[in-house]
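Show me how the following folds:
(2 chains)
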Amino acid sequence: MIRTALLVFKKDLRIEMRSRVLLWQVLPFGVMALLLCGIALGPSRAGNSSAGPGLFYLVTLLVALLMINRSQSVEKTPGTKASVATLGLDPAGVFLGKSLALAIELWATGIILLGGSVVILHTSLHGAILALPSVVVTLAALAVAGTLYGALTSGGDGAATLLPVLALPAFAPLLIAGERSFSAALNHGGIWRWWLILSVALSVYTAIGILLYGVLEES
Amino acid sequence: MKQLSQRLFGPLTLIAMGATLVLGLWVVPPDQVQGELARLVYVHPSVAWVALYVSFGTAAIASALYLWKRTRSEVMDRVANCAMEVSVVFIALTLITGSIWGRPAWGVWWVWDARLTSSAILGVLALGYLALRRANDDVQLRARRSAVFAVLVAINVPIIHFSVQWWKTLHQGATVFNSNRHLLIHGMQAWTLLISFIAFTMLFFWLLRYRYRLEVQRENLAGASLEEALASRRREGTQ
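Prediction:
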């Protein structure tokens, strides 16, 4: 399982390094969305906003949807599914590999967007650094859940619209917990309670993914 | 015996619903604090019970049984689908009756309360389940995907249940028992509440049974149409 996970992880990251979709399409979209959030708040409120953590996670969520779609579209190229089935790759390993690759991409994007929220929305830099552990776990949970939801919707009619319909309500608890922990970090409160809740969510989604990803990939 | 119990189930459900109506509206006295408004306690908690636990539980268990290879069958898939459809109706009723109660009690139709928000999210997820089923034409693929989704969605049910304890927002805590498992409702009110829980649970299973039969008939019709189309093409070929 670990060997398969590493293989898939390397393959997904290599595709990303070569195509640079993350760098030239997803990141500019995220920065643009952050700018729009600042414009929506207005000049007087954007610089003094307690909405910073919520807006950061909202933008991250939109970016995550694009990346989940991208992660699944990589598997849609002709012959990929048949090759995976022929090679007899462990589905749990495929799931872990794809989740880890997506998590790495989300962490990279998240750090840039966090910097963006410090610059654009004037979120405290000290608070943003304190919130990092919870941001890391929230994005990992989003990656794991996203891989599952991506596999659920891939290939069906209107997969691109079905993914947000199914995933956004399911991601809402993660978004709430992430926002609360970020706000707690900004107000020098305890983030560890939220961190623990997010870690439990991450563990539950990982366990379900390991158990059920194979069912989704059955042909 | 089985046929008799099936025939009696509908009238028994009707009697239980009628008893809830009569007891809840006329027999039980109004509440000291909330007055006539408190009569919603014989509708809202029992509808919510069916929406969150009975119907979602049925859909989640049927889905889990479908995913387990030893118990995998079309019956489980059909039961999960039908239970989820009925669940959407009960979740909508829960939100509507809660809103009707919330307006005079809290002064607003809707608040961003943990219980309300998580219930609304569950409703959207249940609609998502139905959308997912319509997005896949392959019967096996559709059944597998919707079963996995139902199991994933079931994670939200404990979050909704404990939301009133974890966040302590506007929605009241447990209605029937307190945290020490002591009854909070007594006498005629307790009996009426119990009957309403039984009545709405029976109503769910009655609706589920008819929805299941409808689904079987729909599948048979689709199969017959396909057979008819194939036979027609064969006839064209031989002419």
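
Can you classify B:Val111 as helix, strand or coil?
Put simply, B:Val111 is coil when judged by DSSP: H, G, I helix; E, B strand; the rest coil.

ok, it touching B:Arg103?
No. If you go by C-beta atoms under 8 Å, B:Val111 and B:Arg103 don't touch, sitting 10.7 Å apart. Glycine gets a C-beta too; all of them are placed from N, C-alpha and C.

what ranges do the helices span in chain A?
Using DSSP state H, the helices found in chain A span residues A:2-19, A:21, A:27-41, A:43-46, A:52-73, A:80-87, A:91-120, A:125-153, A:159-186, A:192-217.

And chain B, by the same measure?
B:2-22, B:44-49, B:56-67, B:74-106, B:114-135, B:139-153, B:156-166, B:187-238.

Kindly present these as JSON lines, with separate columns for mean neighbour count.
What follows is the helices of chain B, written out as JSON lines (neighbours: other C-beta atoms under 10 Å in any protein chain shown):
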{"stretch": "helix B:2-22", "mean neighbour count": "13"}
{"stretch": "helix B:44-49", "mean neighbour count": "23"}
{"stretch": "helix B:56-67", "mean neighbour count": "22"}
{"stretch": "helix B:74-106", "mean neighbour count": "20"}
{"stretch": "helix B:114-135", "mean neighbour count": "20"}
{"stretch": "helix B:139-153", "mean neighbour count": "22"}
{"stretch": "helix B:156-166", "mean neighbour count": "16"}
{"stretch": "helix B:187-238", "mean neighbour count": "14"}
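
which stretch among those comes nearest A:Gly52?
Closest approach to A:Gly52 among the helices of chain B (C-beta to C-beta): helix B:114-135, 21.4 Å.

tilt between the closest one and helix B:74-106?
With axes from the mean of the first three to the mean of the last three C-alpha atoms, to 10 degrees applied, the angle from helix B:114-135 to helix B:74-106 works out at 150 degrees.

Mind checking the pLDDT average for helix B:114-135?
Mean per-residue pLDDT for helix B:114-135: 87.

Give me the helices and strands touching that helix, please.
Using 3 or more C-beta pairs under 8 Å, 6 or more residues apart in numbering or on different chains; DSSP states H and E as the contact test, the elements touching helix B:114-135 are helix A:125-153, helix A:159-186, helix B:56-67, helix B:74-106, helix B:139-153, helix B:156-166.

cutoff 7 Å now
Where contact means 3 or more C-beta pairs under 7 Å, 6 or more residues apart in numbering or on different chains; DSSP states H and E, helix B:114-135 is packed against helix A:159-186, helix B:74-106, helix B:139-153, helix B:156-166.

The second one vs chain A: in contact?
No. Where contact is defined by C-beta under 7 Å from any C-beta of the partner chain, no part of helix B:74-106 touches chain A; the two come within 12.3 Å at best.

can you give me the offset of that helix from its chain's centre?
Counting by C-alpha atoms, centre = their mean, to the nearest Å, helix B:74-106 is centred 5 Å from the centre of its parent chain.

packing partners for that helix?
Counting contacts by 3+ C-beta pairs under 7 Å, 6+ apart, helix B:74-106 is packed against helix B:44-49, helix B:56-67, helix B:114-135, helix B:139-153, helix B:187-238.

so what's the spatially most central residue of chain B up against?
Most central in chain B under C-alpha atoms, centre = their mean is B:Ser87, positioned 3.0 Å from the mean C-alpha point. By C-beta atoms under 7 Å, 6 or more residues apart in numbering or on different chains, the contact set of B:Ser87 is B:Ala51, B:Ser55, B:Phe56, B:Ala59, B:Ala126.

pLDDT wise, what is it at?
Note for B:Ser87: predicted pLDDT of 92.

Can you tell me the closest non-neighbouring residue to it?
Nearest residue to B:Ser87, sequence neighbours excluded (C-beta to C-beta, 6 or more residues apart in numbering or on different chains): B:Ser55, at 3.6 Å.

Repeat that for B:Glu36.
Here the residue nearest B:Glu36, using C-beta to C-beta, 6+ apart, is B:Pro30, at 5.1 Å.

okay, now the one you found: neighbour count?
11 (other C-beta atoms under 10 Å in any protein chain shown).

how far away is it from B:Gly24?
From B:Pro30 across to B:Gly24, the span is 11 Å (C-beta to C-beta, to the nearest Å).

Excluding chain neighbours, give the residue nearest to B:Thr97 in space.
Distances taken as C-beta to C-beta, 6+ apart place B:His44 nearest to B:Thr97, at 4.3 Å, with adjacent residues excluded.

near chain B, which residues of chain A?
Residues of chain A lying near chain B by C-beta under 7 Å from any C-beta: A:148, A:152, A:156-158, A:162, A:165-166, A:169-170, A:172-173, A:204, A:208, A:212, A:215-216, A:218.

and with 6 Å instead?
A:Leu152, A:Gly156, A:Asp157, A:Leu162, A:Val165, A:Leu166, A:Pro169, A:Ala172, A:Leu212, A:Val215, A:Leu216 (C-beta under 6 Å from any C-beta of the partner chain).

which residues touch B:Leu37?
B:Pro104 (C-beta atoms under 6 Å, 6 or more residues apart in numbering or on different chains).

Tell me the pLDDT of it.
Note on B:Leu37: pLDDT of 82.

And A:Ser49, by the same measure?
pLDDT, A:Ser49: 61.

Same question for the one 10 residues further on.
On pLDDT, A:Val59 comes in at 92.

Likewise for B:Leu65?
The model's pLDDT for B:Leu65 equals 94.

so how far is stretch A:184-203 from its chain's centroid?
Centroid separation for stretch A:184-203 versus its chain: 17 Å, with C-alpha atoms, centre = their mean.

actually stretch A:141-153, sorry about that
That offset, for stretch A:141-153, works out to 9 Å (C-alpha atoms, centre = their mean).
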